[in-house]
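Participant: predicted model, plus sequence, below.
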Amino acid sequence: MSKRVNGSWMGSISVPSSVPHAFRSQLSSSADLSIAIILIITGVVSVIGNGLVLLVYGQRRKKLRAHELMTINLAVCDFGYSLLGAPCLIISSLSHAWIFGETGCMWYGFQGFVFGIGSLITTCFISLDRCFKICSFRYGQWIERKHASLSVALVWIYTIFWASLPVFGFGSYGPEPFGTSCTINWWRMKSSLNDRVYIYLILSLCFGVPTFTIIISYLAILIKVYRSGRILASIPSSNVTHNSKDLRLTKIAAVVCSSFLIAWTPYAIVSLYSALTAREEHTGEDGGTALTGGMSAAGVSHGGGLSDVFGFPFLINWTSSEHFGDAFGSWRNMTSDHSHHSVGHHGSSSTVGSAHGGMNGHQSHLVSILKPEVSLIPAIFAKSHCMINPFIYQIMNRDFREDVYDLLVSWKHHTLLYPQLEEKKHSYQSVIWGACEERFLTEE
């Protein structure tokens, strides 16, 4: 059987009944179509823009400087999501449901984490590079390509490590409230110690620390420039152009970092708020539902105050033997907990999070108190950031503009001259073969 969803386009959309409720779109079909159109435009622009960045720097790969390697890595992250992640979301939006199942959900969450956090940590390294370059002139003479290459390698190792943990049972990936995309399963924070610890770790180490580093780096740059005043006049004239170029590159890096934080911070805040304020929905045998607040998915109240907001007992309660035993049990059984709490298990109809069996045939699951549209807007805004950086380079970086122009001109000349060269080549071959044939006949 299929569920038919009325919409303002294509008449109605048929969603197979085998698709779990959590993977069904919570939006209207017209909203899904709008999202698909936006993401198609974003993806095409991103692939073209970041592809140009990679081509421009690829043409002079032997002459690349340290900061350009980091710029390339940033383009790889944006290009990667546009090529591997965005199509899944576009297809699901057009289908009015996430059609790739739990395995596809895990893959989408994994690649989204790798490319998203990879971009953030790369911008963190870029900000550190700019900070040391401006605040310590000796750094500019010390830094080499090998240091930047090592930084890029560390970015990938670090992000792949954290992104792969949910694949092995520490943390999990699940559908977002609007149903057609997947991400870290924020909504299991209250129901699973495993997911709660994982989420707090990545918020601290994968988002908080890089963001704090970016802010501190540019504050240090601003203080240095402000205190220096006429810094260019105080250095040898031979270094004025070099230092001025460093300042220009620093401005570009500042805009790149700022645009990333502006795009992704609302998404992180809304996701965390949605998880911390999630309510428990009970589903009875008759199909009726009821929402309760301040309870974990297991149906056990943690009390009020800080424990209600942050999803774990206050620090002093961690010392109690009862809580320690519960925590140890959660850690010991986290693999089985992960498998039993996966989205849509046993045909449950959870909106977000995981379904849990209750007494007397009741089921309960956590649902976000935010409307799907509220969680959708920052998510789409963040995912659309992948097309922004090439515009920043094109507007603010004169060298990049010139390189793009040279690349396009060379393509144009190659396209126009190639047919003429081929024609001349064939005419030369005809002349040579004709001369050889004539000589052969003469000798005979």
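Facilitator: Structure received. Numbers count the residues shown, from 1 in each chain.

Participant: quick one: low-confidence parts of the stretch 101-250 of the chain?
Facilitator: Applying pLDDT under 70 to the stretch 101-250 of the chain flags residues 137, 139-141, 229-243.

Participant: show me where it has helices.
Facilitator: For the stretch 101-250 of the chain, the helices defined by DSSP state H, counting those that start in this stretch cover 101-135, 137-142, 145-164, 193-202, 209-228, 240-276.

Participant: format those as TSV; extra columns: distance to Pro378 and mean neighbour count.
Facilitator: For glycine as for every other residue, the C-beta is placed from the backbone atoms N, C-alpha and C. Output for the helices of the stretch 101-250 of the chain, formatted as TSV (distance: least, CB to CB, whole Å; neighbours: other CB atoms under 10 Å):
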stretch	distance to Pro378	mean neighbour count
helix 101-135	13	22
helix 137-142	36	12
helix 145-164	20	16
helix 193-202	17	20
helix 209-228	16	16
helix 240-276	4	17
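
Participant: of all those helices, which one comes closest to Tyr405?
Facilitator: Tyr405 lies closest to helix 240-276 among the helices of the stretch 101-250 of the chain, at 18.0 Å (CB to CB).

Participant: show me the contacts for Trp186.
Facilitator: Ile199, Ser271, Leu272, Ser274, Ala275 (CB atoms under 8 Å, 6 or more residues apart in numbering).

Participant: next one: the fourth one from Thr103, what distance?
Facilitator: In this structure, Ser274 and Thr103 are 25 Å apart, going by CB to CB, to the nearest Å.

Participant: same question, the last one
Facilitator: With the distance defined as CB to CB, Ala275 ends up 23 Å from Thr103.

Participant: for the helix or strand that contains Leu52, buried residues please.
Facilitator: Leu52 is located in helix 29-59, with elements delineated by DSSP states H and E. For helix 29-59, the neighbour count (16 or more other CB atoms under 10 Å) marks 29, 31-33, 35-36, 39, 42-43, 45-47, 49-53, 56-57 as buried.

Participant: also stretch 384-401?
Facilitator: Buried residues in stretch 384-401, counted by 16+ other CB under 10 Å: Ser384, His385, Cys386, Met387, Ile388, Asn389, Pro390, Ile392, Tyr393, Met396, Asn397, Phe400.

Participant: can you list the domains in this structure?
Facilitator: 2-278+368-404, 282-337+352-365 (automatic domain parsing).

Participant: closest one to Ser410 among these?
Facilitator: Here domain 2-278+368-404 is closest among the domains of the chain (CB to CB), at 8.8 Å.

Participant: show me what stretch 374-383 is in contact with.
Facilitator: Here stretch 374-383 makes contact (CB under 8 Å, 6+ apart) with 27, 31, 35, 38-39, 42, 81, 85-86, 89, 116, 176-178, 181, 183, 263-264, 266-267, 269-271, 274, 368.

Participant: kindly report the same for stretch 120-135.
Facilitator: Under CB under 8 Å, 6+ apart, the answer for stretch 120-135 is 66-67, 70-71, 73-74, 77, 139-140, 143, 148, 151-152, 155, 158-159, 206-207, 210-211, 213-214, 217-218, 220-221, 224-225, 246-247, 249-250, 253-254, 256-257, 260, 264.

Participant: can you report how many residues neighbour the residue nearest to Pro175 when sequence neighbours are not counted?
Facilitator: Take Pro175 and drop its neighbours on the chain: the residue closest to it by CB to CB, 6 or more residues apart in numbering is Ala22, 4.8 Å away. Using other CB atoms under 10 Å, Ala22 has 30 other residues around it.

Participant: distance of Ala22 from Gly104?
Facilitator: Separation of Ala22 from Gly104 (CB to CB): 13 Å.

Participant: same check on Phe168?
Facilitator: Phe168 is 18 Å from Gly104, where distance means CB to CB.

Participant: thinking again about what came up before, possible to save the helices of the stretch 101-250 of the chain as TSV with distance to Glu373?
Facilitator: Output for those, formatted as TSV (distance: least, CB to CB, whole Å):
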stretch	distance to Glu373
helix 101-135	20
helix 137-142	47
helix 145-164	28
helix 193-202	23
helix 209-228	26
helix 240-276	11
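
Participant: Trp187: which of those helices is closest?
Facilitator: If you check each of those against Trp187 by CB to CB, helix 240-276 wins as the nearest, at 5.3 Å.

Participant: other SSEs contacting that closest one?
Facilitator: Applying 3 or more CB pairs under 8 Å, 6 or more residues apart in numbering; DSSP states H and E, one finds that helix 240-276 makes contact with helix 66-84, helix 101-135, helix 209-228, helix 372-383, helix 388-396.

Participant: what's Ser172 sitting at in phi/psi?
Facilitator: phi -160, psi 160 (degrees, to the nearest 10).

Participant: excluding covalently adjacent residues, which one is nearest to Leu203?
Facilitator: Closest to Leu203 by CB to CB, 6+ apart is Leu272, at 7.1 Å.

Participant: the one you found contacts Ser204, doesn't it?
Facilitator: No. Contact criterion CB atoms under 8 Å: Leu272 and Ser204 do not qualify, at 12.0 Å.

Participant: show me what contacts Ile117?
Facilitator: Taking CB under 8 Å, 6+ apart, we find Ile117 in contact with Thr159, Trp162, Ala163, Ile202, Cys206, Phe207.

Participant: now those as JSON lines including distance to Ile126?
Facilitator: Shown next, in JSON lines, are the contacts of Ile117 (distance: CB to CB, whole Å):
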{"residue": "Thr159", "distance to Ile126": "15"}
{"residue": "Trp162", "distance to Ile126": "20"}
{"residue": "Ala163", "distance to Ile126": "21"}
{"residue": "Ile202", "distance to Ile126": "21"}
{"residue": "Cys206", "distance to Ile126": "17"}
{"residue": "Phe207", "distance to Ile126": "17"}
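
Participant: looking at those residues, which is nearest Ser95?
Facilitator: Closest to Ser95, out of all of the contacts of Ile117 and judged by CB to CB, is Ala163, at 25.5 Å.

Participant: to Leu94, which of the helices of the stretch 101-250 of the chain lies closest?
Facilitator: Checking those against Leu94 by CB to CB gives helix 101-135 as the closest, at 15.1 Å.

Participant: now that closest one against helix 388-396, angle please.
Facilitator: Inter-element angle recorded for helix 101-135 and helix 388-396: 30 degrees (by axes from the mean of the first three to the mean of the last three CA atoms, to 10 degrees).
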